[in-house]
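Asks: What shape does this take:
(chains A, B, C and D)
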There are 2 protein chains.
Amino acid sequence: MAGILWSNDKEKGLMESVLGREALDFLHWFASNNVLSEFVAPGGDLGAQQGLFKIVEGSDWTYAIYWQVSKAKSGKSALVWGDGQCKEPKGSDVNGDNGSVNQMSVGVNQMKKWVLHRLHACFGGSDDDNVTHKLDSVSDVDMFYLTSMYYAYPFDKPSTPSQSFNSSRTIWASDTKSCLEQYQSRSFLAKAAGFQTLVFVPLKTGLVEIGSVKSITEDQHIIQLVRSLLGGVHAVQSKVAPKIFGRELSLGAAKSGPISISFAPKVEDAAGFTSDSFELQGLGASQVYGSSSNGYHSDDGEARLFPQADDQKPRKRGRKPANGREEPMNHVEAERQRREKLNQRFYALRAVVPNISKMDKASLLADAITCITDLQTKIRLLEAEKDITCDNQNNHASIDIIESRERPEDTVIQVSCPLEGHPVAGVIKALREHQIMEPKSDVSITENGEVLHTFSVQTKPGEAEELKDKLVAALGN
Amino acid sequence: MAGILWSNDKEKGLMESVLGREALDFLHWFASNNVLSEFVAPGGDLGAQQGLFKIVEGSDWTYAIYWQVSKAKSGKSALVWGDGQCKEPKGSDVNGDNGSVNQMSVGVNQMKKWVLHRLHACFGGSDDDNVTHKLDSVSDVDMFYLTSMYYAYPFDKPSTPSQSFNSSRTIWASDTKSCLEQYQSRSFLAKAAGFQTLVFVPLKTGLVEIGSVKSITEDQHIIQLVRSLLGGVHAVQSKVAPKIFGRELSLGAAKSGPISISFAPKVEDAAGFTSDSFELQGLGASQVYGSSSNGYHSDDGEARLFPQADDQKPRKRGRKPANGREEPMNHVEAERQRREKLNQRFYALRAVVPNISKMDKASLLADAITCITDLQTKIRLLEAEKDITCDNQNNHASIDIIESRERPEDTVIQVSCPLEGHPVAGVIKALREHQIMEPKSDVSITENGEVLHTFSVQTKPGEAEELKDKLVAALGN
DNA sequence: AGGAACACGTGATAC
DNA sequence: TGTATCACGTGTTCC
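Replies: Prediction:
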């Protein structure tokens, strides 16, 4: 009955009518397990804010969200709300059609605000920064956008965003159907808002989600724009679609763009697969993909999906006439299935192993082995690197208190830390290069949590401008 | 003729007689390709120095070296000399036997010093910090130790240290033979120094090599000691020896300890393997390991290494009587080899995939797939994390020059940077918690390149001591 | 040819 | 007794 997000069934029903069943379940699970509070709020990067603004402003995009990678103390990582930008789509009215603010829409509006208020409170927001107070009425786009703020995508659970990030593949869904599919648990809200296009652009430190109420076909320029605005130095290379045996794998949807994902590929469950579903992690068209190399299926007769020139060279296919006993026939069938399963695993392996040298099975295994070992060393190196920089940072932070001697009314604390890594190291080095050998500075803390270093250096008249240029050049901004 | 390390053949010969052929080649290759200068010198950590000292001092160990992971700008990583500790083994004399300093040993000594001098010069050391000046005579242990300083182990080349680090497995060689094997290109020097035990202990940020002129059997306590002294918080879990089908894999040498490595497992090359050698990466006893699941070999009759109760149940093994044509006979043989190769790959895959759920081939492939995807996401996350911290650090370094206004004789430069990540952030926070809201500090630079923050805060009498404790506690040291 | 790679049916084996 | 997996020889296809 009573949950965290609701206190009785009536409230639950109300929330469900606004958010949809799946979103409510999702958020309720989050709230119950305190998932969101595990992750540190990345603290809005101004660059991200500006970049998202540029994407949404003056374009057909309705909103843009930057999901950032965040790591919890528990070691789990997730994509959490980093920043966002949203606008009301042109030509749409806030309260549905025609602007007739009737009784019902007012009631709906009140419900939305109540739900948002509830969410805000449950996820640990204080009352005064509640954005709903400022909103006169809440549109469906607002509802979607504001609800998304409480979302997060842990990497240990499969989801479209995490998958896009992991594979570093852009996902572009430009028709209502596949678009809503990708929205997954947010699809109810997305449907209400009328989104027709959804794009996930993976970046180095997270990904950008952009959506539109219009249908926008895939455009590499927009992807590049997103990357250049938010991706640092667009270091995420745009991988070409993986091909296997020369054939493109993404046969699922129209265009070459969106990768349609079916999370529980229950196809041909009858064939006796165990519950593990490798054959197809995010690669459209399971039937074709999962089939054996010369496309025929064991059970059903709907086979021969490969372009094999119908009924030409049937070889010795087709079940044997079951000669004599039926015991060995079953055996043959079982063996067939075993082989097929193995082959499917081989295909799945081919899909995940990069740099496949030859299409040979043995070579594939060899490549897989080198791949694994390479990845392992890469991880070890990255971790070592991380630890080293951590140590350095700790060294920076590990400050020796040299002196703390008491005098009648005040205390002097001397703290020394290495120059290397100190925020003003660049300034000091630049000053030193300018023959200013003993730069001293006062340090004070501003009210907005910044440290202010004030250097006072002696310069010859006219030299100051040059010094300033040098400093700017030395600091690289 | 003329190289970087020598100017003529005579010099080359002299160096070779001191260093040995392989070490000379190794170092010459380094010097020629400027490998060492690529990597940043990690800058001696005092903790490491002390730890190594504690290991060597008062024990049977002759020396200890900390090899640290270092990353070049090119992206290549290597284990480079981090720090070291060395002592003259007890009971040994510096100049070989009996202390009779004859003409020859004096000459040898001169040669050693000349070689060290040469190495020192070639690897970019200045003349004044040349340690050979301080040494009266150079023992073989010294020679080994000082030469090792110019070593490095890039991860793209196979070597015992890099392999130990990668697999995070301790390597312990306690007999002269395997010991010298592990020394690889340093074996000539190691032999001269008389080392009988060599141990590599992998850590998070590198590894520790310890050696002794005595034969020391494997001792988990020493490994733990090394880890606790140098491994941060011994986060490198000591993996148990991998088992396959319940049998231990390390059959190579005596005891359960050392992993004997043969870098080009040329065994059964005759069987028609291609040059790729997966079947055995650092897992002793290639013959047993590489064989098919019920140990028989295709070509040679030296088979049946598995405990299979000799000549019991030969099944239908043994080549068929070659009935009729000999063509298909060749075919079956080829097929046999293909199968065997595939099986070997499967075995090799089993060796590198962690968390093997079932011994099934299909399950193995499934595990391999999840393994690869998991590793890939792990890498993506680590890299994202790295980038985020890099961004943060850059933000710390990216300082806005707020003001630089010129006055008659001096210039005021105001630099602001975020409090978060600032070295004195901890101090300031601690002070704030003590209701000292506006801590100001002078900053000056000491002559040894450190930044000195001097805080002057008002305290009530007797409060200073408490404040000091709080600060120490807040800074965690 | 003639090797390489694969799928297939079959017998054996372990639980 | 069925239900797995596995290895083997064979037929076939593609260079």
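
Asks: so what does whichever helix in chain A runs longest touch, helix or strand wise?
Replies: Secondary structure of chain A per DSSP state H: the longest helix is helix A:361-397. With contacts defined as 3 or more CB pairs under 8 Å, 6 or more residues apart in numbering or on different chains; DSSP states H and E, helix A:361-397 has these neighbours: helix A:327-352, strand A:410-418, strand B:63-71, helix B:160-167, helix B:327-352, helix B:361-397. (Each C-beta comes from the backbone N, C-alpha and C, glycine too.)

Asks: For residue B:209, find the nearest of the ones you listed.
Replies: Counting by CB to CB, residue B:209 lies closest to strand B:63-71 out of the helices and strands packed on helix A:361-397; the figure is 4.5 Å.

Asks: After the closest one, heading C-terminal, what element do we hit next?
Replies: strand B:77-86 (DSSP states H and E).

Asks: returning to what we had before: with mean neighbour count as extra columns, can I get the helices and strands packed on helix A:361-397 in TSV?
Replies: Output for the helices and strands packed on helix A:361-397, formatted as TSV (neighbours: other CB atoms under 10 Å in any protein chain shown):
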stretch	mean neighbour count
helix A:327-352	17
strand A:410-418	19
strand B:63-71	26
helix B:160-167	24
helix B:327-352	16
helix B:361-397	19
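
Asks: of all these, which lies closest to residue A:153?
Replies: That would be helix B:361-397 among the helices and strands packed on helix A:361-397, by CB to CB, at 12.3 Å.

Asks: nearest spatial neighbour of the closest residue to DNA strand D within the stretch 301-450 of chain A, skipping sequence neighbours?
Replies: Closest contact between the stretch 301-450 of chain A and DNA strand D, by CB to the nearest atom of the strand, is at residue A:338 (3.9 Å). Closest residue to residue A:338 in three dimensions, ignoring its sequence neighbours and counting by CB to CB, 6 or more residues apart in numbering or on different chains: residue B:362, at 7.5 Å.

Asks: Residue A:337 is in contact with the one you found, correct?
Replies: No. Using CB atoms under 8 Å, residue B:362 makes no contact with residue A:337, being 10.5 Å away.

Asks: Report the contact partners of the residue nearest to residue A:459 when sequence neighbours are not counted.
Replies: Nearest non-adjacent residue to residue A:459, counting by CB to CB, 6+ apart: residue B:411, 4.7 Å away. Contacts for residue B:411 (CB atoms under 8 Å, 6 or more residues apart in numbering or on different chains) come out as A:456-459, A:463-464, A:467-468, B:404-405.

Asks: again, only using 10 Å
Replies: Counting by CB atoms under 10 Å, 6 or more residues apart in numbering or on different chains, residue B:411 touches A:436, A:455-460, A:463-465, A:467-468, B:403-405.

Asks: Give me the helix or strand of chain A that scores worst on average pLDDT.
Replies: The helix or strand of chain A with the poorest confidence is helix A:286-290; it has a mean of 30 (mean pLDDT, DSSP states H and E).

Asks: Contact partners for residue A:342?
Replies: A:292, A:361, B:360-362, B:365.

Asks: wait, which of the residues you listed is closest to residue A:84?
Replies: residue B:365 (41.2 Å).

Asks: do you know how far the residue nearest to that closest one when sequence neighbours are not counted is from residue B:363?
Replies: Once flanking residues are discounted, residue B:365 sits nearest to residue A:345: 3.6 Å by CB to CB, 6+ apart. Relative to residue B:363, residue A:345 is positioned 9 Å away (criterion: CB to CB, to the nearest Å).

Asks: rewinding a little: was I right to think the residue nearest to residue B:365 contacts residue B:346?
Replies: No. With contact defined as CB atoms under 10 Å, residue A:345 does not count as touching residue B:346 (11.6 Å).

Asks: Any chance you could list residues touching both of these two?
Replies: In contact with both residue A:345 and residue B:346: B:361, B:364-365, B:368, using CB under 10 Å, 6+ apart.

Asks: and the contacts of residue B:411, which are buried?
Replies: In these, burial by neighbour count holds for A:436, A:455, A:457, A:459, A:464, A:467-468, B:404, counting by 16 or more other CB atoms under 10 Å in any protein chain shown.

Asks: what's the single nearest residue of the stretch 351-477 of chain A relative to DNA strand C in contact with, if anything?
Replies: Nearest residue of the stretch 351-477 of chain A to DNA strand C, counting by CB to the nearest atom of the strand: residue A:361, 3.8 Å away. Listed by CB under 10 Å, 6+ apart, the contact set of residue A:361 reads A:342-343, A:346, A:349-350, B:338, B:341-342, B:345.

Asks: now do residue A:58
Replies: Residue A:58 neighbours (CB under 10 Å, 6+ apart): residue A:87.

Asks: Roughly how far does it sit from residue B:179?
Replies: 71 Å.

Asks: rewinding a little: quick one, grab the pLDDT at the residue of the stretch 301-450 of chain A closest to DNA strand D.
Replies: On pLDDT, residue A:338 comes in at 92.

Asks: Touching, it and residue B:363? I think so.
Replies: No. In this structure, residue A:338 is not within contact of residue B:363 by CB under 10 Å, at 11.9 Å.

Asks: any low-confidence regions in the stretch 351-477 of chain A?
Replies: Scanning the stretch 351-477 of chain A for pLDDT under 70 picks out A:391-408, A:421, A:437-438, A:461, A:474-477.

Asks: At the contact with DNA strand C, which residues of it appear?
Replies: For the stretch 351-477 of chain A, the residues in contact with DNA strand C (CB under 7 Å from any atom of the strand) are A:358-363.

Asks: switch the cut-off to 6 Å
Replies: A:360-361 (CB under 6 Å from any atom of the strand).

Asks: So residue A:27, which state does it fall into?
Replies: helix (DSSP: H, G, I helix; E, B strand; the rest coil).

Asks: tell me the pLDDT at the closest residue in space to it that isn't next to it in sequence?
Replies: Nearest-residue entry for residue A:27: residue A:150, 5.9 Å, with adjacent residues in sequence omitted and distances by CB to CB, 6+ apart. Model confidence at residue A:150, given as pLDDT, is 94.

Asks: what's the neighbour count on residue A:433?
Replies: 10 (other CB atoms under 10 Å in any protein chain shown).

Asks: Spell out whether the longest helix of chain A and DNA strand D are in contact.
Replies: No. Helix A:361-397 stays clear of DNA strand D (CB under 6 Å from any atom of the strand), getting no nearer than 12.7 Å.
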